[in-house]
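**Student:** below is the sequence, then the predicted model.
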Amino acid sequence: FDRLTEKEDVLAYLPPAWIGQNIFSYAQWLVCGYVVNCPESSATVTIDLKEIGPTYYFAPPRVFEGMLTSVMIRMEDAGNFKRRMFHHFMDVAKRVGPALMDGKSVGVLDRLSYMLGDWMVYGPLRNNLGFSRVRVAYTAGEAIGPDLFTFYRSIGINIKQLYGSTETAVFVCLQPDHEARADTVGVPIDGVQIKLSATGELLVRSPGLLKGYYKNDAATREALTEDGWYHTGDAGFLTPGGHLKIIDRAKDVGRLMGGPFDGAMFAPKYVENKLKFFPHIKEAVCFGDKREKVCAFINIDFEAVGNWAERRNLPYAGYTDLAQKPEVYQLIKDCVEKVNADLAEDTLLAGSQVSRFLVLHKELDADDGELTRTNKVRRGFIAEKYQPLIDGLYGGMAEQFIETVVKFEDGRTGSVSATLKISDAKTFTPVKVAA
């Protein structure tokens, strides 16, 4: 599908127990005979990536998010001339880059501007990230934010999405070259059948399906139908062009009730990914199912926001103090409202605009049960743990006190308490309604 040969270089840096690592650094190697490079240690992965310059690369969205955040932090620390040059050419890349990656024609002046930007910004940036030789890069594991996806393609990195799971031996859908889209995960590959249930859940049938869960017949019966279809648990639909669009986990997709968006679809993960595109937002958790509006918890990126605060001579004593600064709230509010403006143009998800938000007093942590070990939010657990904050968001309060038990790396426990500010965010009339 991607014309892989023995000439590829791959970096095997992911956990060996993960199916993605098995496929990309073992199974495909057996077929192609390419070179698999192993990092010296987890601490040297970034250095090894730059040294090797893989031609074929795979990473979950969180890795790409971290890379973009580090880029933005370094650019904010750069001199005024470099910073202005970077932002100027990134505007050019955003306007021209995706079209060039898709093999479309662009104007002569735009092409010349992009070539100049490639020489001065995009090329050095790809080299700094370790992507100077990448011919094809894939991301999977969870949905990637559309803006994040577009950023990498705009600077000349052929990043594409794939859809699959351990139970399907990874591959279900892939994006063909020149058909990579931020909001879809591609077309079904040869030998794979997909269909949607009456509830919108995606079902898959292929030779790559699991035979069953080890010593768990009950789970096997729940996942596999008698005629061989696998329940993915994901909600989505097929576009007119035959591409699959995943909205969210089927169990997480809901509907708003009451208010101006009564009955509108609510897809929390889709909104959360758009929020996390901004380098100052590390994590987001959205609520709204069976409610009249959407509200959100935000985790700031301590390194990015700390760097932002220091450049403005804004003193802070730690994460909790920094998170509650009025200036930080305004920074996050600007990000939320930009996301709302984008959502207003989506006829399907315009109702998912965030009406109110707060910045949490601590980072969500797997040790505290708030994230899985693969760093996915446990929305139900978080909602139960922080119920007073949700009550404050939906009760129209301006602030809410919270005290939280936390677990430290050495096994000790303690508590963190704070009175959190709650902020309103501007929402926008859906474009379709306005028209």
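**Tutor:** Everything's here; your move.

**Student:** contacts for the strand or helix carrying residue 45?
**Tutor:** Per DSSP states H and E: residue 45 is located in helix 45-52. For helix 45-52, contacts defined as C-beta atoms under 8 Å, 6 or more residues apart in numbering pick out 9, 11, 13, 37, 39-40, 127-130. From N, CA and C alone the C-beta is placed, and that goes for glycine too.

**Student:** most neighbours out of the residues you listed, which is it?
**Tutor:** residue 11 (24 neighbours; other C-beta atoms under 10 Å).

**Student:** greatest separation within the contacts of helix 45-52: which pair is it?
**Tutor:** The largest separation in those, counting by C-beta to C-beta, is between 40 and 127 at 20.6 Å.

**Student:** quick check, residue 113 in contact with residue 96.
**Tutor:** Yes. Because the distance of 7.1 Å satisfies C-beta atoms under 8 Å, residue 113 is recorded as touching residue 96.

**Student:** so who does the residue nearest to residue 156 when sequence neighbours are not counted touch?
**Tutor:** Nearest residue to residue 156, sequence neighbours excluded (C-beta to C-beta, 6 or more residues apart in numbering): residue 122, at 5.4 Å. For residue 122, the contact set (C-beta under 8 Å, 6+ apart) comprises 89, 93, 97, 155-156.

**Student:** show me these that map onto strands.
**Tutor:** Among the contacts of residue 122, no member falls in strands (DSSP state E).

**Student:** mind checking how far residue 210 is from residue 170?
**Tutor:** Residue 210 sits 12 Å away from residue 170, going by C-beta to C-beta, to the nearest Å.

**Student:** the more surrounded of these two?
**Tutor:** Ranked by neighbour count (other C-beta under 10 Å), residue 210 and residue 170 place residue 170 first, with 22 against 15.

**Student:** for stretch 7-21, how far is the first residue from the last?
**Tutor:** 19 Å (C-alpha to C-alpha, to the nearest Å).

**Student:** please apply the same query to stretch 370-389.
**Tutor:** Terminal residues of stretch 370-389 lie 15 Å apart, using C-alpha to C-alpha.

**Student:** just stretch 245-257 next, same as before
**Tutor:** Stretch 245-257 end-to-end distance (C-alpha to C-alpha) = 24 Å.

**Student:** residue 152: which element?
**Tutor:** For residue 152, the element it lies in under DSSP H and E is helix 146-154.

**Student:** what's the next secondary structure element after that helix?
**Tutor:** Going down the chain from helix 146-154, the next helix or strand is strand 159-163, by DSSP H and E.

**Student:** and that next one, how far out from the chain's middle?
**Tutor:** 12 Å (C-alpha atoms, centre = their mean, to the nearest Å).

**Student:** what helices or strands is that strand leaning on?
**Tutor:** strand 136-139, helix 146-154, strand 173-174 (3 or more C-beta pairs under 8 Å, 6 or more residues apart in numbering; DSSP states H and E).

**Student:** check which helices and strands the first one sits against.
**Tutor:** Contact partners of strand 136-139 among helices and strands, from 3+ C-beta pairs under 8 Å, 6+ apart: strand 56-59, strand 159-163.

**Student:** alpha carbons of the first one, as PDB, please.
**Tutor:** Yep, that's strand 56-59 we're talking about. C-alpha atoms of strand 56-59 as PDB (Å, rounded to 0.1, in the frame of the first residue of the first chain):
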ATOM      1  CA  TYR A  56       9.000   5.200   7.900                       C
ATOM      2  CA  TYR A  57       7.600   6.400  11.200                       C
ATOM      3  CA  PHE A  58       4.800   5.600  13.500                       C
ATOM      4  CA  ALA A  59       3.600   7.400  16.700                       C
END
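
**Student:** can you list contacts of it?
**Tutor:** So strand 56-59 is in contact with 2, 4, 8-11, 14, 20, 24, 34, 131, 134-140, going by C-beta under 8 Å, 6+ apart.
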